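[1] Pasted the sequence and its predicted model underneath.
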Amino acid sequence: MIDGLSFDIAHLLAGALVLISLLMLYQDRLTALINVFAAQAVTLALSVAWQACVQGAPHLYITAAITLALKAIVIPLALHRIIKILGIHRELDQAVGVGPTMLAGVALVALALVVMLGVTSSGGDRIAREDLAFALSVVLLGLLMMVTRRNAVGLVVGFMSLENGLVLAATGARGMPLVVEISVAFSVLIAFIVIGVFLFRIRERFETVDVAALDQFRGDRG
Amino acid sequence: MELSGALAIQGGQMALVLALAPLLTGFIRKAKARLVRRHGPAVIQPYRDLWRLMRKEVVLAESSSWLFRGAPYLIFAATWVAAALVPTFATGLMFSWSADLIAIIALLGAARFFLALAGMDVGTSFGGIGSSREVMIASIAEPAMLMVIFSLALMAGSTQLSTIAGYMLSSNVGLRVTLALALVALIMVAIAENARIPVDNPATHLELTMVHEAMVLEYSGRHLAVIELASSLKLLLYASLIGCVFVPWGLAPAGASWQAHLVGIAAYVGKLALAGALLAVFETAIAKMRVFRAPAFLSAAFMMGILGVLLLFVSRGGLQ
Amino acid sequence: MNALDVLLIAAAALLALVPLALAMGQSPAGRWVIYGGSLAICGGALASALWALRRAASWDAVLPLGLPWIGARFHLDPLASAFAVVVSLGGALSSFYALGYGRHEEEPARVLPFYPAFLAAMSLVVLAADAFSFLVAWELMSLSSWGLVMARHREAGNARASFVYLVMASFGAFSLLLCFGLLAGPGGAYAFAQIRAHPPGPATAALALALAILGAGSKAGLVPLHVWLPLAHPAAPSHVSALMSGVMTKVAVYAFARIVFDLAGPPAWWWAVAVLVLGAITAVMGVLQALMQHDLKRLLAYHTVENIGIVFIGLGLALAFRAAAMPLAAALALTAALFHVFNHSLFKSLLFFGSGAVLTATGERDMDHLGGLIRGMPKTALAFLVGCIAISALPPLNGFVSEWLTFQAILLSPQLGWWALKLAVPVVGAMLALSAALAAACFVKAYGVTFLGRPRTPAAEAAREVDGFSLAAMFALAGLCVCAGVLPGFVIDALSPVAHGLVGGRMPEQASQAWLTIVPIGEARSSYNGLLVLAFIAASAGLCALAIHAFASRQARRAPAWDCGTPSASPMTQYTATSFAQPIRRVFGAYVFAAREQVEMPPPGDLSPARFEATVHDPIWEGLYAPLAAAVALAAQRLNRLQFLTIRAYLGLVFLALVGLLLVLALWN
């Protein structure tokens, strides 16, 4: 019974992550988007902590702490500051309408389920395979976010949520050594700092961070 | 003895929902007022309002017809029959086999149909605004609700609400992702169907922001009293529905003793109070959406419902 | 003298009315003779078909007509009897309605001869048991209905409507011809009994399914083959529109059921996916198109498309369950589809009769020129209201029961094993729910704009109640809708031998359930009692009215409507059909129809009117038919050059053809 319940809680947390990723697709204001991303990071930290408890792998607690500290607190705060300084905190962000985006999101979740449950049909119990399918869905939804956002900040948030999906997959499949996690976390931090610097430079140079507008300044167009 | 007991429970529930509906509305108004540091009207003010309206004379528009005069009774009847079939304090309702969850939602749809027709009856633009917006919202809210019903029915193996409540009370339900999705979708649909913020403002006086209020703009006197009672009843129905499916503790199973039923009633009143408080906090915390953002809101609920059903179709077995 | 003989004699009698109609077309008694005769004959046919359905037996008959080595075979089994009931009931009530409505027909000589031929052809399609008689009856049905559509040829658009109808009908008949040819095989065994004895291989059966969808689906109104329906159905006189929408589309459903469930052998699982997807798309597209219309009869015709989609969803589910060897579930899905067929013939006929009454009383079909008819035509308004409630699938009427049964069938489908079905069925269920909600919206619009509010034109204001025959027909249908809603168990039991014959399963017997409840699968799973729901609603409404009368004030007075301080006497300030549909057009239409709205407001102080323009594109017409028509025209133009060749070129063509055929012969050997 404890076993069943523990699997259920892990499953529920993975499902909650998918739900929050879907809700991220629905947000079209940057402030709300960053808040929902923070909620996603909190859920991920809870899920990793639960896996640490269930699998008896204490190094996952550190992963959870890193996720909580960096992705749920530091990065959202920094993003809030960035968009305040850039002055875009009131803008609307969607490139495609909400309806088709959510429809595509549900279709991607269905695709991930079909692929994962079909590919892993040989080994493993059902729930572990579904958790993998959920992780793949979060990755795909992160990619969808990167595709459908007009604003570079939205792109960054999509990239982060994609990485969240990867962390979920790795912890669920019992394969996340601490060294890997720390190095991944550091590289994400570095990437984030670099992107932040670039955002400011782009804004200085071109007066906008709208991706569609940036397209005009590509070098290879005569 | 059995028969009279069952009849007493069913009759008791019908009377209870009718008596508690204005109280819930009054409680929510009081809570909202308190949250913005006003005193607010008394909790029993809706009862006084209903009594006052009943004693007033009805003013009918010159262009209204017999449909306008008869619609309030039909709306009330459909809503009351639906509310009588949602388990509030006991699961074994005597007539629960005559209409399942799909029929209950369809009865609410019938009430909305007549309300929309009544809005069109007088032939002014306000009624038209209300009716057209109401059917737009309903055209997405109802499918979302049906998806929630499908998820619950697929898990419990039946569309009977008493059986679903019994299944939720039993131990083999587990924490399932579909339940979380269904809960979020059901809450979003309940907000839209009951004309609450952020979809519609029940306390607005500006015609251009009305949806539900615009349809009943021409009603007065005893007709308005009946319609107001029906709306409070609908809010109570949705609160009871969420309570009996997702917070089923306290429901007296079929054939239990009268003490269990008393406990059930106490638990039910507690659940209503909690639901009212949460709704008041939610309504105070966020602003009303523009009318054309409501479809996006509801299609999110629809998508979540579809996802929940999809998960049940493709995921682990154990479906009856 | 068995039931089949009675039905054949009825068809022959209807055909015998045709020369009588040609003779009496111009005289006023002609209407009484023809419609009265049709009523009597269809009444007899109905009684005999009901008796045959009750007996649940089969009869055969061979007549010495048609091809000499086949004859014309006829067969009456439970499926045919069920559809014969639908055809005869529709025909009888249509004739009854036409006794009153036909008085206003301008050129009765153009309508009267085709009408009994139409009825006879429809009954013969249902009875036919070999491909030849089936196709002859099918074509007779198309031609006679084409004649009826052309009856008012002077009205704008009717000529084009009948041309499109003729093209689509020919295409459909051609597909059915190919289909039967495939099924009959190289031996030329055209009788259905022979086809049943030699089921085709999987590839042939798949091709037969595709051709059946093209042929029967185009007559029924499946998207994308439905384009003729909203043009042709409104163009015909109203009693004929009721027959075309309510009965002819059902005959097409019969053809589909006969070919796919009976003649093509055991179904493959992927057939169900194709049918389900087509049905779901049809349902949603049909109702969205209906919402965009402001012509009452066109709205009803598009709505027929939606209901046919719902029927095909039920048929698709039945195919899926049959392929998965789940006979009880298949019987449930098939019964749901057939119940919906019956229901739709009832309420669509009622609604078309109502629109005919409105057309007679006001001369208008456009909802934006009507309004406030409930005052001048209260009885018609009441009957039309019952039809609107029934078609919106609201309890306790019959539309709800068939939709409820379809939902119960969908809830049984997680047990199907195939992945494509596991993904398709939830989506189909969602689209079914969406179409049901949109249908209710559509009929709030139709009823509200036409009957409620204030009259928008003097014609609407001058409307008066129509004659007794029309009213009696409408109330008979309304009564049947209520009966089928509160006594659905009898209909389900009557359809049970049909399900047994087609899918091998039977639903549990409903007549033995307590209190007339219906229990489609099991007591513990789901049940519904229409009679109790109706009784509860009536009792609650009565109780409420009593309480109000006892405790509340009884006074009432009339006053002007609330106008926010700016009195607007003009009834044009009301919502029109287009304005009512605006929110839905904006939400759904922007994606599906590329709907755009343009408003030109004059500057303040300028007294010229503002302009509002809403454009809606039909994606199927513009995406499929217009390019197709352009391609055909282009090909015809190119081929036209063959008319103007020199003599040497003609001789060269003959020479090339001869050499080519000799080469083929050489290579074959």
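    Sure, I can see it. Residues are numbered from 1 along each chain as shown, chains lettered A, B, ... in the order given.
[2] from here on, contacts and neighbour counts on C-alpha atoms
    OK.
[3] what ranges do the strands span in the stretch 51-200 of chain B?
    With strands called from DSSP state E, counting those that start in this stretch, the stretch 51-200 of chain B shows them at B:58-61.
[4] Show the backbone phi and psi for C:Ala56.
    Here is the backbone geometry of C:Ala56 (degrees, to the nearest 10): phi 60, psi 40.
[5] what number of residues lie near the residue nearest to it when sequence neighbours are not counted?
    Among residues not flanking C:Ala56 along the chain, C:Pro78 sits closest, at 5.5 Å (CA to CA, 6 or more residues apart in numbering or on different chains). Counted with other CA atoms under 10 Å in any protein chain shown, the neighbours of C:Pro78 add up to 27.
[6] Beta-bridge partners for the closest residue to C:Ile70 other than its chain neighbours, please?
    The shortest distance from C:Ile70 to any non-neighbouring residue, by CA to CA, 6+ apart, is to C:Ala191 (7.6 Å). Taking DSSP bridges, one obtains C:Asp130 as the residues bridged to C:Ala191.
[7] which residue is nearest the centroid of chain A?
    Against the mean C-alpha coordinate of chain A, by CA atoms, centre = their mean, the closest residue is A:Ser161 at 0.8 Å.
[8] Look up how far chain C lies from that one.
    Plainly put, A:Ser161 is 26 Å away from chain C if you go by CA to the nearest CA, to the nearest Å.
[9] all helices of chain B, in order?
    B:2-35, B:45-55, B:66-84, B:101-121, B:125-156, B:161-169, B:177-193, B:212-215, B:221-246, B:258-285, B:294-314 (DSSP state H).
[10] Including mean neighbour count, could those go into CSV?
    Converted to CSV, the helices of chain B look like this (neighbours: other CA atoms under 10 Å in any protein chain shown):
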stretch, mean neighbour count
helix B:2-35, 18
helix B:45-55, 18
helix B:66-84, 23
helix B:101-121, 25
helix B:125-156, 26
helix B:161-169, 23
helix B:177-193, 22
helix B:212-215, 25
helix B:221-246, 23
helix B:258-285, 18
helix B:294-314, 25
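[11] helix, strand or coil for the residue lying closest to C:Asp60 once chain neighbours are set aside?
    Among residues not flanking C:Asp60 along the chain, C:His75 sits closest, at 4.5 Å (CA to CA, 6+ apart). What DSSP: H, G, I helix; E, B strand; the rest coil gives for C:His75 is strand.
[12] quick one: contacts for C:His75?
    For C:His75, the contact set (CA atoms under 8 Å, 6 or more residues apart in numbering or on different chains) comprises C:4, C:58-61, C:127-129.
[13] which of those residues lies closest to B:Leu186?
    Using CA to CA, C:Leu127 comes nearest to B:Leu186 of the contacts of C:His75, at 49.5 Å.
[14] pretty sure the closest one contacts C:Phe74?
    Yes: counting by CA atoms under 8 Å, C:Leu127 touches C:Phe74, with 5.4 Å between them.
[15] In this structure C:Asp366 contacts C:Leu299, no?
    No: proximity of C:Asp366 to C:Leu299 does not meet the contact threshold set by CA under 8 Å, at 10.2 Å.
[16] Can you give me the domain boundaries for chain C?
    The record's domain split for chain C, according to automatic domain parsing, is C:1-188, C:266-544, C:620-668.
[17] Check these for me and report the most buried one.
    Scoring those by mean neighbour count under mean count of other CA atoms under 10 Å in any protein chain shown gives domain C:266-544 as the most buried, with a mean of 23.
[18] can you give me the end-to-end distance of it?
    With CA to CA, to the nearest Å as the measure, the first residue of domain C:266-544 is 56 Å from its last.
[19] swap in stretch C:53-64?
    One end of stretch C:53-64 to the other measures 27 Å (CA to CA).
[20] C:Met122 versus the residue nearest to C:Ala56, what's the distance?
    17 Å.
[21] next one: C:Thr615
    Distance from C:Thr615 to C:Met122, counting by CA to CA: 39 Å.
[22] repeat for A:Val119
    A:Val119 is 52 Å from C:Met122, by CA to CA.
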